[in-house]
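**Q** After the sequence you'll find the predicted model.
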Amino acid sequence: MAETRAHGRQSWFFELIWVGVALLIATLLVNSRMIRDGLNGIADLQWHIAWLQYFFKGLTEGDVYPRWLGGTNYGYGSPTFVFYPPLVYYLGSALKGLGLDTERTITLLFSLGILGAGGMMYGYQRSRWGAGAALVSAVAYLSAPYVVYVVYSFGSLSTVFAMVWIPWIWWATDQSRNSPHWRLGVSLGWMLLSLTHLPSLLLGLVVWLPYTLVSYRKAGWQAIAAIGFATLVGLGLASVFLLPATLEKGWVNIDAMATVGGATFYDRMIRLHHLVTTRLNFDSHLTWAYFYQVLSSSAIAVFALVAYRRQRLVQTETLKWLGFTLILALSMTSLTWSLWRLSPTLVRVQSPTRLLSFLSMGGAALISPAMMAGNQSRHWGIRLSGWLLITVLIVGNLAYAYQWPRRFPTLHNSGRADTAYLDGIREALWYPYQDNLPDVPEYQPLIDHQPAPQPQPGEPPVSVLTGDATVNLQTWQNQYRVLGVRAATATTLKVRTFYYPAWQITVDDLPKSGVVLSDGAIAVELPPGAHTVVLRYQPTRALIWGAGLSLVSLGIGLGMLKRWGLLWYGEARDARRTIP
């Protein structure tokens, strides 16, 4: 028995090595342009670089959970991490803490996200279809056109990492039907997704709920209630972020998320006539990725349904995932606008094409049953046809991953292109702490229910509006500022910081109410004399409630761990005892 266990451990070890090497090679192929030639300046990357710089700075200043980014908006600051999930930035800060510069940190984060997505997809498919089929499925997922688009055109770190947790949630959900301890995995998955990317969380809940109800239709209401409870525990664990992000959104210009670049949610929906009127080439961006994913997934499904029509398991799984992908594909078209418009919250995810994260998973999942059935088939023609079809799909993915990124200049290989659009990237990378960085409009505080005016660069941190005074900046951090003031007369100071209810002011250790100026900055009125003015970004009531709910959920989670962890341990021990 000991020999058998040792052989099993050795087999798993070697599998981990060769699968890890294969996924690493695929990751390097997908992200080779960034690794070799540096970052480009498309879309959101500038914001993510600036946010990482100031998040890391906040941690070094002693803030356990930095929420206010003091140097963005040209020094007026922004409550960005009240509303944007922090998990990826903790990871990035850990890498910077190890000595990596910001550019290498960003490149490594993208690579880790791609590798993690492939690794999680491998684990999901390996649990049912074996190592070979799972590996091909994982490579298809991490090299999907949408992944390449997100990395090189969208520039969103959080979207890439969300694609790591999506297969995990589906994997844990499937396993929970027969193994209750996997409900812990469901809780963990929803917590991680909540702390990674809010649009993926919202869409994930909408997609996951009907999938789970259909999958659990024979399991009974108790199983459905248990998986629902596990989901609520996961959301509860993330309440330290989710509750303030929900309750404080009325304090910022969150409605700006309804449009991006002048395009509304409806404008970004897929029109089916694009299949005829739009050439399916790289110039159509997401439209190309959408049709490629739908057509390739359909081709794999049709092949499996026709070639393996006598294999019931393959037919069932293929039909399940084909239905999943087709429903998602339909949901991204303008035909479903009447449903989307019922939820203003969902429309704030900016584009229905964010569902391509889930569509890419469904397309990759279709490969596994076809691969396994092909490997077991005795008909060489069917096996060859299946391998050829899947090879064409993988090669198509990798070809897109090679060609699309090379259409853009990068920091270290601009060619003959106009690189002016890289200026924002350079500023965020190399000169982040000179109060020279803008920020996204949706997190800009509201003043009298209107967005604060756009700040201008070059303003001093503190200026004297009225009176006669000298000001000494003793401390100026993200969430903590100390001013030494000598006022010869009654004085009004303007502090270059957007008003936000979390800011608390004390003058000579006594609470002081600030005045909100017309440009959104904080003003402090002082009598003559020497004063110490302190501004602290304090925890809000929503943050305190959220932290409390997270602690309660942690206690429930530990109870689940004690119950189901012991159950799993007992099952594993019994299984080992039955090994001859």
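**A** Received it, and whenever you're ready, just let me know what you need.

**Q** quick one: contacts of stretch 329-342?
**A** Contacts of stretch 329-342 with the rest of the structure, by CB atoms under 8 Å, 6 or more residues apart in numbering, involve 265-266, 269-272, 290, 294, 346-347, 352-353, 355-356, 359. For every residue, glycine as well, the C-beta is placed using N, CA and C.

**Q** Give me the buried positions along stretch 255-275.
**A** Across stretch 255-275, burial judged by 16 or more other CB atoms under 10 Å covers Met257, Val260, Phe265, Arg268, Met269, Ile270, His274.

**Q** Quick check: which element contains Ser11?
**A** helix 2-30 (DSSP states H and E).

**Q** Give the bridge partners for Ile447, please.
**A** Beta-bridge pairing for Ile447 (DSSP bridges): Gln450.

**Q** so what's it scoring on pLDDT?
**A** Looking at Ile447, its pLDDT reads 87.

**Q** what's the answer for Gly236, then?
**A** For Gly236, the predicted pLDDT is 97.

**Q** correct me, but Leu305 touches Lys320?
**A** No: Leu305 is not in contact with Lys320 according to CB atoms under 8 Å; the separation is 11.8 Å.

**Q** Show me whatever sits in contact with both of those two.
**A** By CB under 8 Å, 6+ apart, no residue touches both Leu305 and Lys320.

**Q** in this protein, what spans have low per-residue confidence?
**A** 1-10, 261-262, 273-284, 373-380, 382, 415-421, 564-580 (pLDDT under 70).

**Q** how about a cut-off of 80?
**A** 1-13, 41-43, 258-263, 272-286, 307-310, 370-386, 414-421, 561-580 (pLDDT under 80).

**Q** all helices of the stretch 351-500 of the chain, in order?
**A** All helices of the stretch 351-500 of the chain, identified by DSSP state H, counting those that start in this stretch, fall at 356-376, 380-403, 423-430.

**Q** Nearest approach to Leu115 belongs to which of those helices?
**A** Ranking the helices of the stretch 351-500 of the chain by proximity to Leu115 (CB to CB) places helix 380-403 first, at 13.8 Å.

**Q** Which strands and helices lie in contact with the closest one?
**A** helix 2-30, helix 131-142, helix 145-149, helix 286-307, helix 356-376 (3 or more CB pairs under 8 Å, 6 or more residues apart in numbering; DSSP states H and E).

**Q** Skip ahead from the first one and say which helix or strand is next.
**A** As assigned by DSSP H and E, the chain's next helix or strand after helix 2-30 is helix 32-37.

**Q** got it, and the fourth one?
**A** Once the chain leaves helix 286-307, the next helix or strand it forms, by DSSP H and E, is helix 312-331.

**Q** buried stuff in that following helix?
**A** 314-315, 317-318, 320-322, 324-329, 331.

**Q** ok, Phe55 touching Arg67?
**A** No: assessed by CB under 8 Å, Phe55 is found out of contact with Arg67, at 9.4 Å.

**Q** what's the closest non-adjacent residue to the residue nearest the centre of the chain?
**A** When CA atoms, centre = their mean is applied to the chain, the residue found nearest the centroid is Ser158 (2.7 Å). Once flanking residues are discounted, Ser158 sits nearest to His197: 4.1 Å by CB to CB, 6 or more residues apart in numbering.

**Q** Around the one you found, how many other residues sit close by?
**A** Neighbour count for His197, taken as other CB atoms under 10 Å: 28.

**Q** Leu193 and Leu202, how far apart?
**A** Spatial separation of Leu193 from Leu202 under the definition CB to CB, to the nearest Å is 10 Å.
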